[in-house]
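**Student:** below are the sequence and a predicted model; questions follow.
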Amino acid sequence: MVIFEVRKILLLRRSKVTADEFVGEALAREVVDLEVDLDRQIALAAAEFGIRHQLPMADAIIYATGFSHRLELLTAGAHFKGLPGATIF
């Protein structure tokens, strides 16, 4: 979800070169498959993160998944600004 979202934003707002750079960085890191890794614990945490940080559902799930795996979140979403473990690309 994140790779799709960030690549789309970068293609629209920046350039194909920048979008490709992001994809290269993202694929060099661990990528979590939400279809496999989304469990009850992450869903419950996502609800709390969504309220605490005013995140929409998909973004709260993405953030909770990264948080639970102790992974850095690479994103172009400005609403993640200031959240621990999130890097705005």
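**Tutor:** Alright, I've got the coordinates. The shown structure was predicted, so the numbers you read here are calculated from the model rather than taken from an experiment.
**Student:** near residue 76, how many other residues are there?
**Tutor:** Residues near residue 76, counting by other CB atoms under 10 Å, number 19. Where C-beta positions appear, they are placed from N, C-alpha and C, glycine not excepted.
**Student:** next, give phi and psi for it.
**Tutor:** Torsion angles at residue 76 (phi, psi; degrees, to the nearest 10) stand at phi -110, psi 0.
**Student:** which SSE is immediately downstream of the helix or strand harbouring residue 8?
**Tutor:** In the assignment (DSSP states H and E), residue 8 maps to helix 2-13. From helix 2-13 onward toward the C-terminus, using DSSP H and E, the following helix or strand is helix 16-27.
**Student:** so what's residue 45 scoring on pLDDT?
**Tutor:** Looking at residue 45, its pLDDT stands at 96.
**Student:** with adjacent residues omitted, what lies nearest to it?
**Tutor:** Take residue 45 and drop its neighbours on the chain: the residue closest to it by CB to CB, 6 or more residues apart in numbering is residue 64, 4.2 Å away.
**Student:** check contacts around the one you found.
**Tutor:** Counting by CB atoms under 8 Å, 6 or more residues apart in numbering, residue 64 touches 42-43, 45-46, 49.
**Student:** repeat that with 6 Å
**Tutor:** Contact analysis of residue 64 by CB atoms under 6 Å, 6 or more residues apart in numbering lists 42, 45-46, 49.
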